[in-house]
Each structure stands twice: as C-alpha cells, then as structure tokens.
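Have a look at this prediction, sequence included:
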Amino acid sequence: MNALDFSVVVDALPFLWKGLQFSLLTAVAFVAGLVLGTGLALAQHLQVPVLAQLAKGYVALIRSIPLIMVLFWFFFLVPLIAGWMFNNGRPMPVGGVLTAFLTFSLFEAAYYSEIIRVGLRSVGKGQYEAADALSLSTLQTYRHIILPQVFRVTSPIILSQTIILFQDTSLVYVLSLTDLVGAASKVALLNGRLVEMYLTVAAVYLVICTSASQLVAVLRKCTRIATNR
C-alpha cells in the first residue's frame, strides 16, 4: 500500500471526467426508455388490439437476452437494415454512440414497462370511476390521475433500475467507446498504475450508486407515507 501513487489519478482527471460524462449521459437513455416503457405498459394495460401483443412479445424477448448481445445486434444489424431501407442495400454506418444510446433506451424500456405495468395494476378502481364521473377522456384520466400516482409509487423501483443502467454503461467497451471504466483502463495501460486507477473508479461508482440508493430509500419512505394517507 505504501507504493500507491494517486498523483497519476490527478494527472488523468480530464480524461476520466470525459469517460464519466459518457456514463452520466445514461440520463438520456433513462428518459427515452421510460417514455417508451410507459407506452408499452399502457398498450398492455389498455389491451390495445395488436399493439398489446406486440408489446408483450417485445418485453418478453428483450428480458430474455443479455444486454451485451443486444449491443452486438444493434451494432451489426442496424447498419444493414438502414442500408436496405434507405441506401439501396449498402450498409449505413450508425456509429457507436448512437448505437449505445438506442440499445440502452430500447433495452431499459422493457424493464421500465414491467415496472409501470405493475404500478398501473396497483391503482384502485375507484380512481377510474371518479374520472368517469368527471367525464374525463381516457387521455386525461391517465395523464392527470393515473400516471402521476403510478410514477409516485414506482419511483423507487425505477430509480433502482436506473442505477443498474448506470453500471451497465461499462459494457460499451465492446463498441470501442470510452466510459469511466474504459478511460481508467487506457490510462492504466499507459502508466502501469492499474491499482490506483481501478480503486478510483470503484470509489466513484461507490459514491454515485450509494447516493442514488439513499435517494431510493427516501423515496420509498415518502411513497409509503403517501400511501398510508
């Protein structure tokens, strides 16, 4: 331990910060995944013809395969499909960054969908009856009454899933992208200080994930209080 030299970490901070920024951009995938996941959940909850079956099949498919395989699928298949549709059969480069965000968004949508769907089932029938009594349309009912309650109740679980999403960003190395772990690995290969770099990355993940976990606990407490009322 006396041989540890964390000065190399200070010198590498600009590069590590760039990697961390990419990891924190999971917020984009979180928003896109939550919006799409909510749509998938509503399609199943409202039993929309055809869409409900497609949403159910999509969720079952995505939840049954690992994320790294989905990354490979999108990275190699999307350029071929896009080329077939828009470029006379010639592959269209999509790029690693766009592939990563599309993959994370679509992958997490399946998990958010199940969370929202369970939340929708927890809303009492009286809420729907009250909306009918007020002559609210289906859109108004879900926008102003149902979904706000669902998001309040499921927010701890959604945040927990988002923490997993943040941790999964380290898989982008298969697309030759550099996140926080990738940045630390490259610096460690240059200066030979693997222990210092990986300890720093572990500390960063620990702080971020622990803080988020504490927020989950606070949200659970708040939703429990709101439910008891």
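Sure, I can see it. Numbering: from 1, shown residues only.

Output the below-cut-off pLDDT ranges for this structure.
1-2, 223-229 (pLDDT under 70).

Which stretches in it count as helices?
Counting by DSSP state H, one finds helices in the chain at the ranges 7-11, 13-24, 26-45, 51-63, 67-86, 96-122, 125-133, 138-141, 147-168, 180-191, 194-228.

Which strands and helices lie in contact with the fourth one?
Pointing back at helix 51-63 there. Applying 3 or more C-beta pairs under 8 Å, 6 or more residues apart in numbering; DSSP states H and E, we find helix 51-63 packed against helix 26-45, helix 96-122. For the C-beta atoms, the positions are set from N, CA and C on the backbone; glycine is no exception.

quick one: stretch 9-20 to chain centroid distance?
With C-alpha atoms, centre = their mean, to the nearest Å as the basis, stretch 9-20 stands 24 Å off its chain's centre.

Report the buried residues of it.
9, 12, 16, 19-20 (16 or more other C-beta atoms under 10 Å).

so who does F22 touch?
169, 172, 177-180 (C-beta atoms under 8 Å, 6 or more residues apart in numbering).

Throw those into TSV and include distance to V207, thanks.
Shown next, in TSV, are the contacts of F22 (distance: C-beta to C-beta, whole Å):
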residue	distance to V207
T169	16
V172	21
L177	23
T178	20
D179	16
L180	12
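
Rebuild these as JSON lines, extending it with distance to S113 and neighbour count.
Below are those laid out as JSON lines (distance: C-beta to C-beta, whole Å; neighbours: other C-beta atoms under 10 Å):
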{"residue": "T169", "distance to S113": "21", "neighbour count": "23"}
{"residue": "V172", "distance to S113": "23", "neighbour count": "24"}
{"residue": "L177", "distance to S113": "26", "neighbour count": "17"}
{"residue": "T178", "distance to S113": "30", "neighbour count": "19"}
{"residue": "D179", "distance to S113": "25", "neighbour count": "26"}
{"residue": "L180", "distance to S113": "28", "neighbour count": "24"}
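
now, among these, which is nearest to S211?
Of all these, L180 has the smallest distance to S211: 15.5 Å, by C-beta to C-beta.

From what I see, the closest one and L16 are in contact.
Yes: look at L180 against L16 with C-beta atoms under 8 Å: they come within range, at 6.5 Å.

shared neighbours, those two?
V201.

Can you give me the neighbour number for the nearest residue to H144 once chain neighbours are set aside?
Of all residues not flanking H144 in the chain, L136 sits nearest, at 7.4 Å (C-beta to C-beta, 6 or more residues apart in numbering). Number of residues near L136 (other C-beta atoms under 10 Å) recorded here: 16.

returning to what we had before: and which of the buried residues of stretch 9-20 is nearest A27?
Closest to A27, out of all of those and judged by C-beta to C-beta, is L20, at 12.6 Å.

what's near enough to touch the closest residue to that closest one other than its chain neighbours?
Leaving aside its sequence neighbours, L20 sits nearest to L180 (C-beta to C-beta, 6+ apart; 4.6 Å). By C-beta under 8 Å, 6+ apart, the contact set of L180 is 16, 19-20, 22-23, 169-170, 201, 204-205.

for Q21, same thing?
Under the criterion of C-beta under 8 Å, 6+ apart, Q21 has no neighbours.

same question, A43
Counting by C-beta under 8 Å, 6+ apart, A43 touches 51-52, 54-55.
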